[in-house]
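In: Below are the sequence and a predicted model; questions follow.
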Amino acid sequence: MVSLSTENLEIGYGDKTIVENLNLQINKGEITTIIGANGCGKSTILKTLARVHAAKSGSIYLDGKMIHKVPTKEIARKMAVLPQSPEAPNGLTVYELISFGRSPHQSGFGRLTDKDRQVIDWSLEVTGLSQFAEYPVDALSGGQRQRAWIAMAIAQETDLLLLDEPTTYLDMAHQLEILQLLDKLNKEQSRTIVMVIHDLNHAARFSHHMVALRSGHIVKEGSAEEVMTPDVLKTVFQIDAEIVKDPRTKKPVCLCYDLLQKEQRINHRKVMNY
């Protein structure tokens, strides 16, 4: 079943078109990752799916309904969004930040219920931040701050999570912890997750579905095995990649790569633009 989809979507800023004729389907209960070079439109697509940025034309459907016709609070109960490099007001504590994730479920004066506090405490625990609950967000390290924002997103208890580079600022161990947490949410709670992510090996390891973009167009989408190929990576990133199978996960891994020579890049672009 499709959770989120687009139909002939065109996105841009002013007179500049970034993405055109985008037809994308996000399947319910799966992890989908969007990969591509800087500036190809990944974050712009995510912002538009989240209704943060308005599309020039085309349609977006959330659970079969046109998203612009769905009330904002209803969307917030179905979809949580973690943008790139979010900022919190000075002095806001970690606990207070995470409590904002409960806003769509509150009414009246927005006082926290026992259920809200249980969810906040759970979010703190699973992101390893329980001991930092009363710390100001701006006093945390970059990695801790990122985990606090992820805790807020998962405290929203939505079926759909949109995350723009959720492992930014995190070291290798904490990157893996966050991705394993998202994987657990997907497996145990059937949450649908859409991520923009730069690490191709992480994308391949944790995705059911990958979408590779180049200049606002889908080059290839499908399983990790279908997308993580030398030809696709050559087109998307202009690199000559060596792909092997991970002996632990059995998923494809980019072992090493070189930039295509300048003449190869130019010729490849000409072929792609033909």
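Out: Thanks, I have the structure now.
In: for the residue nearest the centre of the chain, phi and psi?
Out: Centroid-nearest residue in the chain: residue 195, 2.0 Å away (criterion: Cα atoms, centre = their mean). Note on residue 195: its backbone torsions stand at phi -130, psi 140 [degrees, to the nearest 10].
In: swap in the one 3 residues further on?
Out: Per-residue torsions, residue 198: phi -90, psi -30 (degrees, to the nearest 10).
In: can you pull out the helices in the stretch 1-150 of the chain?
Out: Assigned by DSSP state H, counting those that start in this stretch, the helices in the stretch 1-150 of the chain fall at 42-49, 72-78, 94-99, 114-126, 142-155.
In: out of those helices, which comes closest to residue 241?
Out: Residue 241 lies closest, by Cβ to Cβ, to one member of the helices of the stretch 1-150 of the chain: helix 42-49, at 18.8 Å. Bear in mind the C-beta positions are built from the backbone N, C-alpha and C, glycine included.
In: Count the neighbours of the closest residue to residue 50 other than its chain neighbours for me.
Out: Leaving aside its chain neighbours, residue 50 sits nearest to residue 81 (4.3 Å; criterion: Cβ to Cβ, 6 or more residues apart in numbering). Neighbour count for residue 81, taken as other Cβ atoms under 10 Å: 22.
In: Confirm for me that residue 81 is in contact with residue 160.
Out: No - assessed by Cβ atoms under 8 Å, residue 81 is found out of contact with residue 160, at 9.2 Å.
In: Okay, now the sheet partners of the biggest strand by length in the chain, with direction.
Out: Counting by DSSP state E, the longest strand found in the chain is strand 2-13. Sheet pairing here is set by DSSP bridges, and for strand 2-13 it gives strand 16-22 (antiparallel), strand 25-27 (antiparallel), strand 57-62 (antiparallel).
In: Just want the angle from the longest one to helix 42-49.
Out: Angle, strand 16-22 to helix 42-49, by axes from the mean of the first three to the mean of the last three Cα atoms, to 10 degrees: 70 degrees.
In: Let me know the secondary structure of residue 181.
Out: Put simply, residue 181 is helix when judged by DSSP: H, G, I helix; E, B strand; the rest coil.
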